[in-house]
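> Structure for the following, please:
(2 chains)
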There are 2 protein chains.
Amino acid sequence: MRARVYVTLKPGVHDPAGTAVQGGLVSMGYEEVRSVRIGKFFEVEVDDDLSAQHAGGPRARLEEMCRKLLANTVIESFRVELL
Amino acid sequence: MRARVYVTLKPGVHDPAGTAVQGGLVSMGYEEVRSVRIGKFFEVEVDDDLSAQHAGGPRARLEEMCRKLLANTVIESFRVELL
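Take a look at the predicted model:
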């Protein structure tokens, strides 16, 4: 099965890259762009048989992966979407 | 209004960072993870009044921004979602 994991900066955390993109767009003539925040996402392909050997199901496993590796939970939040 | 823009590597384009994350997850015990591909997304806040001054609507403008700045269309594809 496939899943998508979205990792976003928490509200209030400064995003200098997003601010740079916003400034770039405005200077290119897209003056309607008020703010940009940049996040990342992971498209994960999970083996169903191996996944079934773990209690809690794939969502619980993916959330664990987020907390341990994919997201920095001090400054980032995450969302898991099973496809 | 708000929009999200998702930028993904096109199929067939090598993703060394994704491969590294996949290897990391497997070595941490998540052996069910077959592949990982990394994309980015942009949360864009658009001023409605300024946006209305342009023909084609916000989606056409955002797609133009993707082609010109947010995505490298040689190796990346993009998707615009209006919220």
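
> which residues in chain A form helices?
Under the criterion DSSP state H, chain A contains helices at A:16-27, A:48-52, A:57-65.

> Could you list the buried residues of the longest one?
Along helix A:16-27, these residues count as buried under the neighbour rule (16 or more other C-beta atoms under 10 Å in any protein chain shown): A:18, A:21, A:22, A:24, A:25. To be clear about C-beta, it is placed using only N, CA and C from the backbone, and glycine gets the same treatment.

> per-residue confidence averaged over it?
Mean pLDDT, helix A:16-27: 97.

> got the contact list for that helix?
A:33, A:34, A:35, A:36, A:37, A:38, B:42, B:65, B:69, B:70 (C-beta atoms under 8 Å, 6 or more residues apart in numbering or on different chains).

> Show me which residues of chain A sit near chain B.
For chain A, the contact set with chain B under C-beta under 8 Å from any C-beta of the partner chain comprises A:6, A:8, A:18, A:21, A:24-25, A:28, A:30-47, A:50-51, A:54, A:58, A:61, A:65, A:68-70.

> now, which of these lie within strands?
Using DSSP state E, the subset of the residues of chain A next to chain B located in strands is A:6, A:8, A:33-46.

> need the contact list for the closest residue in space to residue A:59 that isn't next to it in sequence.
Distance criterion C-beta to C-beta, 6 or more residues apart in numbering or on different chains; nearest residue to residue A:59, sequence neighbours excluded, is residue A:80 at 5.7 Å. The contact partners of residue A:80, by C-beta under 8 Å, 6+ apart, come to A:3, A:4, A:5, A:59, A:62, A:63, A:66.

> what's the most distant pair in these?
Taking C-beta to C-beta as the measure, the contacts of residue A:80 span a maximum distance of 13.0 Å, between A:4 and A:63.

> Emit the PyMOL select command for whichever of the contacts of residue A:80 are buried.
Selection of buried members from the contacts of residue A:80 for PyMOL, criterion 16+ other C-beta under 10 Å:
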select buried, chain A and resi 3+4+5+62+63+66
